[in-house]
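Engineer: predicted model and sequence follow; I will ask about them next.
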Amino acid sequence: MLHIVNKSHTQTRSLESCLRLAQPGHALLLTEDAVYAATRGGAASAGLAAALARLKVHVLMPDLEARGMAGALVDGVTPVDYAGFVDLVVTHPTNQTWL
């Protein structure tokens, strides 16, 4: 399953809920303001650091770059471009978008 989160962990509890319910081996894609959770400044407070051991975590690189955070990506998070986003959706036909 692919989980997609687009809101910052400081704005909503979407990421928190996602991380609580995602199963080991699932994939997570962070887009829009959710990319802040994949940075060195946000990973611990977002709970992402602990989730990296059980989830495949991806971040949409154009969104990370648009926010000036490309140099702060946490180790273990895989950046993807738009084609990579499409590949994730194709690879994971079941997906959940967390609003």
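Structural biologist: That came through fine. Numbers count the residues shown, from 1 in each chain.
Engineer: need the contact list for residue 27.
Structural biologist: 1, 2, 3, 55, 56, 57, 58, 88, 91, 92 (Cβ atoms under 8 Å, 6 or more residues apart in numbering). (C-beta placed from N, C-alpha, C; glycine too.)
Engineer: ok, the nearest residue to it once chain neighbours are set aside to residue 66 distance?
Structural biologist: In this structure, residue 27 finds its nearest non-sequential neighbour in residue 56, 4.4 Å apart by Cβ to Cβ, 6 or more residues apart in numbering. Noted for residue 56: a distance of 23 Å to residue 66, by Cβ to Cβ, to the nearest Å.
Engineer: who's more crowded, the two?
Structural biologist: More crowded of residue 56 and residue 66, by other Cβ atoms under 10 Å: residue 56, with 16 against 12.
Engineer: quick check, the more buried one in contact with residue 29.
Structural biologist: No - with contact defined as Cβ atoms under 8 Å, residue 56 does not count as touching residue 29 (9.4 Å).
Engineer: name the residues linked to the residue most central in space within the chain by a beta bridge.
Structural biologist: Taking Cα atoms, centre = their mean as the criterion, residue 30 is the residue nearest the geometric centre of the chain, at 2.8 Å. Beta-bridge pairing for residue 30 (DSSP bridges): residue 5, residue 59.
Engineer: which ones are touching it?
Structural biologist: By Cβ under 8 Å, 6+ apart, residue 30 lies in contact with 5, 6, 15, 37, 38, 57, 58, 59, 60, 63, 77.
Engineer: can you give me phi and psi for residue 28?
Structural biologist: phi -130, psi 130 (degrees, to the nearest 10).
Engineer: could you report the neighbour count for it?
Structural biologist: Per other Cβ under 10 Å, the neighbour tally for residue 28 reads 28.
Engineer: list phi and psi for residue 76.
Structural biologist: With angles defined as degrees, to the nearest 10, residue 76 sits at phi 100, psi -10.
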